[in-house]
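A.B. asks: Quick one, what's the 3D model for this:
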Amino acid sequence: MRSILPALTLLCAVCSQPFAACATPPDQTRLQALQQAIASDELKQIRSVLLQVDGKVVYEGYFNGADAQTLHDVRSASKGVTALLVGAAIGEGTLPGVQAGVYDYFPTFTAQHAVDPRLRATTVQDLLTMSSLWECDDENPFSAGHEERMYVSEKWLDFTLGLPVKGFAPWMQRPEDSPHGRAFAYCTANPFVLGAVLEKASGQPLADYAARVLERPMGITRSQWNRSPEGIGMGGGGTRYRTQDLARFGQLVLDGGRWQGRQLVPKDYIEAMVRPQTSTSDGSDYGYQWWGLKLDVQGSPRTVWAMSGNGGNYVFVLPEQRVVAVVTSQAFNRNFAHPQSRRILTEFLLPALR
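C.D. replies: Below you'll find the predicted structure:
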């Protein structure tokens, strides 16, 4: 049974007053059209939509049984949170920087296994940009490092650290010939290992580290992190957050890593995180586990930076308009999931701000 909230109390982004009290309120017709599209199943399996401008919520709706306390499985949007954790670790000195050597944190593995020198040189930045030389591509079912193979192995970390070196067939673009000098391949094992690096560097489970450096300082009191069979925090997907808390991450990025006067993530790291570091097969930009999506926004092409996850789960950030938008959805593994969530942003939310 679909449940949609009754008429919501919507506030103006300009004055934080109810629509009637604001001289330039958002366009209610666009927001009502959004709710109708969800109610009629034109937009399928949407769980929540939130829009805020300059830190103030102007629209918030929950659907299909969800409410403000629901912890949403945002799948690979979790990777964007892991990237923020890496930045926080660099800011507090737990990690020396993005050039830190990945294998240096796993001396037991390197003592027992011969590692190709090219892989031995893998850096944190290589993992952040999905450009490691591991033969790992989640979009290629034949790839040795495909995430489904990792999931059925007993030791995810050893599985990944032991992957072979990626080869480049004649028709494939080599790193030196690629935009930004990096050959992108979407590989969930990359952020999983980032989580393992954070655990080694901090001496804390990933969930505890996240709570200490980001969640508690930002007032996030509920979350759920998955773990691998050997007990390592899963930095690559499946984390659960409330919609309002997802918006907090977007606002943190919008404000250059600063939250209520406290610099939680270095500003220069945030700038690098949402700057093109490589390019993806669909023409998107890719930063540090954040996507630079090429979207048509009210007739004009724009790059919109976002955390993105299976099912159409998104946290969108638009600095020019001081906008953060969240869409959570359970349309997992459906080909319409990402297009419809992007449509919610471009056809309903942003036009509502006029």
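
A.B. asks: tell me the domain ranges of this structure?
C.D. replies: Following the assignment in automatic domain parsing, the chain carries domains at 19-70+242-352, 78-200.

A.B. asks: what pLDDT, on average, does the last one get?
C.D. replies: The average of the pLDDT scores along domain 78-200 is 97.

A.B. asks: same question, the first one
C.D. replies: For domain 19-70+242-352, the mean per-residue pLDDT is 94.

A.B. asks: Please state the offset of that domain from the chain centre?
C.D. replies: 11 Å (Cα atoms, centre = their mean, to the nearest Å).

A.B. asks: same deal with the last one?
C.D. replies: Taking the mean C-alpha point of domain 78-200 and that of its whole chain, the gap between them comes to 17 Å (Cα atoms, centre = their mean).

A.B. asks: Now the terminal residues of it, how far apart.
C.D. replies: End-to-end span of domain 78-200 (Cα to Cα, to the nearest Å): 19 Å.

A.B. asks: circling back: right, so of the domains of the chain, which gets closest to residue 219?
C.D. replies: Closest approach to residue 219 among the domains of the chain is made by domain 19-70+242-352 (7.2 Å; Cβ to Cβ). All C-beta atoms are positioned from the backbone trio N, CA, C, and that covers glycine.

A.B. asks: Next up, the contacts around residue 181.
C.D. replies: The contact partners of residue 181, by Cβ atoms under 8 Å, 6 or more residues apart in numbering, come to residue 175.

A.B. asks: got it, and residue 154?
C.D. replies: Contacts of residue 154 (Cβ under 8 Å, 6+ apart): 229, 230.

A.B. asks: how near is it to residue 228?
C.D. replies: To residue 228, residue 154 is 9 Å away according to Cβ to Cβ, to the nearest Å.

A.B. asks: that older thread, out of the domains of the chain, which comes closest to residue 236?
C.D. replies: Closest of the domains of the chain to residue 236 is domain 78-200, at 4.1 Å (criterion: Cβ to Cβ).

A.B. asks: Can you tell me what sits against stretch 335-353?
C.D. replies: Here stretch 335-353 has contacts from 13, 26-28, 30-31, 33-34, 37, 43-46, 49, 51, 53, 58-59, 293, 295-298, 304, 308, 310-314, 316, 318, 321, 323, 325, 327, 329, 331, using Cβ under 8 Å, 6+ apart.

A.B. asks: Restrict those to the buried ones and give me that as a ChimeraX selection.
C.D. replies: To isolate the buried ones among the contacts of stretch 335-353 in ChimeraX, judged by 16 or more other Cβ atoms under 10 Å, type:
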select :13,26,30,31,33,34,37,43,44,45,46,49,51,53,58,59,293,295,297,304,308,310,311,312,313,314,316,318,323,325,327,329,331
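
A.B. asks: Narrow the contacts of stretch 335-353 to those in helices?
C.D. replies: Among those, the residues falling in helices (DSSP state H) are 28, 30, 31, 33, 34, 37.

A.B. asks: which one among those residues gets closest to residue 260?
C.D. replies: Ranked by distance to residue 260 (Cβ to Cβ), the ones in helices among the contacts of stretch 335-353 are led by residue 31 at 28.3 Å.

A.B. asks: Please report how far the closest one lies from residue 309.
C.D. replies: Relative to residue 309, residue 31 is positioned 24 Å away (Cβ to Cβ).

A.B. asks: how many neighbours does residue 137 have?
C.D. replies: Residue 137 has 20 neighbours, counted by other Cβ atoms under 10 Å.

A.B. asks: List phi and psi for it.
C.D. replies: With angles defined as degrees, to the nearest 10, residue 137 sits at phi -150, psi 110.
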